[in-house]
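Enquirer: Structure of the sequence below:
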Amino acid sequence: MMLTLCVLLIAIGTKAQKQVVSIEGEIESILLKPQMERVSKLNELLARIPTQLKDVNATTKNYWVSYTHYKIGLYHLASDKEQANKSFEKALKTLQAIEEPNSENLALEGTITSTQISVQSDKAWSLSQKASKKFQQSLELNAKNPRTHLGLGKSDFYKPSEYGGGEKVDAHLKKALQYYKEEELNKKAPSWGKDEVYYFLSAFYSREQSFRDAKFYNSLGLKEFPKNELLLAQKEQLN
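Expert: Numbering: from 1, shown residues only. Okay, here's the model as predicted:
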């Protein structure tokens, strides 16, 4: 009886993980579509997530609903900051409904909070502090979470140098790259963010006038993500 129950639990867990991997894959596929189609497709996906993740717990469902809102917010960021912030607020509200957040929940919350600085510059200091707290809480639960190190690296990249910014960018991003490689062996979701590591490493070294390193990380990124718009635009700037 006990063996049968264990086998059943493993089967349910495997099925749930496949559903999550499928959702993340669908999001990545949508982001490769023409820009005008992306928001509508992401909104359609939002409505389907509860059904598509039917074997997944509420915490994981909330995570992917939040992540999708975050991606919608990023799309609006360049043209409609008010709309972008509304999407970020929806994303945060969904995450904050989780009673016992895990490392991934906290890393995503830190990432979204940090991104809000782009639309609420008058609250830059408090948002930065909030994001840093979430990232530290995430590391306490999983010191090898690559998305947490990515978030910390990005935060340090944008922090003004007079406040100590830029001192830990490459350290956090290189850790993130190492942990992404370790994570890939498990083939589990979430797995997002590795393309950003290459982009920000290249951007950091370009800013430091180390163009050889900048081109190196950009080329590595394009080998893995040949259609990534940020990396392709970055390559043009570096040439």
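Enquirer: Give me the phi and psi for the residue positioned nearest the centre of the chain.
Expert: By C-alpha atoms, centre = their mean, the mean C-alpha position of the chain lies nearest to Gly193, the distance being 4.8 Å. Main-chain torsions, Gly193, degrees, to the nearest 10: phi 110, psi -20.
Enquirer: Then Ile98?
Expert: According to degrees, to the nearest 10, Ile98 has phi -80, psi 120.
Enquirer: Also Ala143?
Expert: Per-residue torsions, Ala143: phi -70, psi -10 (degrees, to the nearest 10).
Enquirer: Need the pLDDT of it.
Expert: pLDDT recorded at Ala143 is 97.
Enquirer: Report how many residues lie close to it.
Expert: Neighbours of Ala143 under the rule other C-beta atoms under 10 Å: 12. Quick note: C-beta positions are derived from backbone N, CA and C, even for glycine.
Enquirer: do you know how far it is from Gln178?
Expert: Distance of Ala143 to Gln178, computed by C-beta to C-beta, to the nearest Å: 12 Å.
Enquirer: Kindly report the same for Ile98.
Expert: 28 Å.
Enquirer: and if you look at Leu238?
Expert: Counting by C-beta to C-beta, the gap from Leu238 to Gln178 is 24 Å.
Enquirer: Please apply the same query to Asp156.
Expert: 17 Å.
Enquirer: So if I had to pick from those two, which one is more boxed in?
Expert: Neighbour count, other C-beta under 10 Å: between Asp156 and Gln178, Asp156 has more, with 21 against 14.
Enquirer: wait, the more buried one sits on Leu173?
Expert: No. Using C-beta atoms under 8 Å, Asp156 is not in contact with Leu173, being 9.0 Å away.
Enquirer: what ranges of this structure fall below the confidence cut-off?
Expert: For the chain, the stretches with pLDDT under 70 are 1-15, 189.
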